[in-house]
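Asks: pasting a predicted model and its sequence here:
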Protein chains: 2
Amino acid sequence: MERLELTEKQKELVEAYGVIQENMGLNPASARVNALLTVSNKTDLSFDEIRDTLGLSKSAVSNALNNLLSLQHIGYKTKMGERKRYFFSKLGQWKTKFRKDIADLVNYNNLLKEILKERSDENPDFNKNIEELAAFMDYFMEESIKIIDNWEKK
Amino acid sequence: MERLELTEKQKELVEAYGVIQENMGLNPASARVNALLTVSNKTDLSFDEIRDTLGLSKSAVSNALNNLLSLQHIGYKTKMGERKRYFFSKLGQWKTKFRKDIADLVNYNNLLKEILKERSDENPDFNKNIEELAAFMDYFMEESIKIIDNWEKK
DNA sequence: AAACTGGTTCTCTATTTGCAGAACTAAAAA
DNA sequence: TTTTTAGTTCTGCAAATAGAGAACCAGTTT
């Protein structure tokens, strides 16, 4: 047993943060693993610490970790002379992720513009709404990049 | 049969926009209904037009419409002397939704701040990352509101 | 060589989701 | 009063998801 000591409050926070991440598209196990790596005072946790603390099976932990690794939500480090991996939250990389999320809006916006191109002029008001939304999204993406640029050089 | 005439291109757009909306959390049927209401030249569609055009069952359409109504993604209007409802996309209300989405970030941010409060000072760098993210989110929310305020009065 | 470590992968179930089709309902029309 | 309209709700099934538990596997240690 390598279960971590968590206060009641911390356990609640793992659950609450877990639920939020479930709503953001993670499966329950991945959501809780990610939450644990954010809440725990120890930032670098071994497979068995995660397993024992969350009471999950090996397969659940293995799949959750690989899932989170592929999503780049977590990473791992090794320690000299040890085979074990120590997993950690990549919360610190939020700036990179933020930029990527903004950039991904381009796809949605492009589709919107394509839809607009295919629409007849039967409903000009609706068309104007799409047009304005697309234009706003371009504006918003630009401004968002400025916001984070501005934040970073400061 | 009340199937709408859609060009091949429009059918593709319904599918493509549908997929995007699935990725944003809608179930397949809701995603396609919402997509149809965005792509179709006719903006106000009856239950049976939706059903026949998308080839879905009554229950699927009924559930999808009620789901989209409760999410406020669509609305409906009636016509004098007709019992039928005509459903339409509320794409035009994106400004309102944008503000709400920004406001909802408060919850995520509050949880982050709570997590931070419970953390020991064992890993000051990680704590700093959370702190910076929380501070940035406050900043970002403020600036986003400014962006849309600015866009609206213009 | 045998046992242990740090996982991964496979098998099997339980749960959830998504939707068809049929039965149902309330209001309106015939 | 019966029928039609415009849906809603129920029943049931198929497919997808989630995760337990056991088997497995490649290094490591004994």
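Replies: That came in fine, so what should we check first? For clarity, every value in this text was computed on a predicted model and none was experimentally measured.
Asks: what about residue A:97, neighbour count?
Replies: 14 (other C-beta atoms under 10 Å in any protein chain shown). No exception for glycine: its C-beta is placed from N, CA and C like everyone else's.
Asks: who's in contact with it?
Replies: residue A:72 (C-beta atoms under 8 Å, 6 or more residues apart in numbering or on different chains).
Asks: same check on residue A:60?
Replies: Residues near residue A:60 by C-beta under 8 Å, 6+ apart: residue A:29.
Asks: repeat for residue A:133
Replies: Residues counted as contacts of residue A:133 (C-beta under 8 Å, 6+ apart) are A:112, B:91, B:94.
Asks: please, which helix or strand holds it?
Replies: Element membership of residue A:133 [criterion: DSSP states H and E] is helix A:124-152.
Asks: try residue A:12
Replies: Using DSSP H and E, residue A:12 falls in helix A:8-23.
Asks: next one: residue A:111
Replies: Using DSSP H and E, residue A:111 falls within helix A:94-118.
Asks: what's the closest non-adjacent residue to residue A:3?
Replies: residue A:52 (4.1 Å; C-beta to C-beta, 6 or more residues apart in numbering or on different chains).
Asks: so that neighbour touches residue A:1, yeah?
Replies: Yes: judged on C-beta atoms under 8 Å, residue A:52 makes contact with residue A:1 at a distance of 5.4 Å.
Asks: more neighbours, those two?
Replies: Neighbours were counted for residue A:52 and for residue A:1 using other C-beta under 10 Å; residue A:52 has more, 15 against 7.
Asks: tell me the pLDDT of that one.
Replies: As predicted, residue A:52 sits at a pLDDT of 98.
Asks: give me the angle between the helix or strand where it lies and helix A:8-23.
Replies: Using DSSP H and E, residue A:52 maps to helix A:47-54. Here helix A:47-54 runs at an angle of 100 degrees relative to helix A:8-23 (axes from the mean of the first three to the mean of the last three C-alpha atoms, to 10 degrees).
Asks: DNA strand D contacts on chain A?
Replies: By C-beta under 7 Å from any atom of the strand, the residues of chain A that approach DNA strand D are A:27-30, A:55-60, A:63-64, A:81, A:83.
Asks: switch to 10 Å and redo it
Replies: Residues of chain A lying close to DNA strand D (C-beta under 10 Å from any atom of the strand) are A:18, A:22, A:25-33, A:51, A:54-64, A:67, A:81-83.
Asks: quick one, which of those are buried?
Replies: A:18, A:22, A:26, A:29-33, A:51, A:54, A:56, A:60-61, A:63-64, A:67 (16 or more other C-beta atoms under 10 Å in any protein chain shown).
Asks: in helices, which of these fall?
Replies: A:18, A:22, A:29-33, A:51, A:54, A:60-61, A:63-64, A:67 (DSSP state H).
Asks: my read is residue A:88 is in a helix, agree?
Replies: No: Residue A:88: not assigned to a helix; according to DSSP: H, G, I helix; E, B strand; the rest coil it is strand.
Asks: residue contacts, it?
Replies: A:37, A:43, A:44, A:45, A:74, A:75, A:76, A:77.
Asks: same question, residue A:118
Replies: Per C-beta under 8 Å, 6+ apart, neighbours of residue A:118: B:7, B:9, B:10, B:13, B:39.
Asks: the third one is in contact with residue B:38, isn't it?
Replies: No: the pair residue B:10 and residue B:38 does not pass the contact test of C-beta under 8 Å, sitting 10.4 Å apart.
Asks: those two - which one has more neighbours?
Replies: Set side by side, residue B:10 and residue B:38 show more neighbours around residue B:38, with 25 against 19, by other C-beta under 10 Å.
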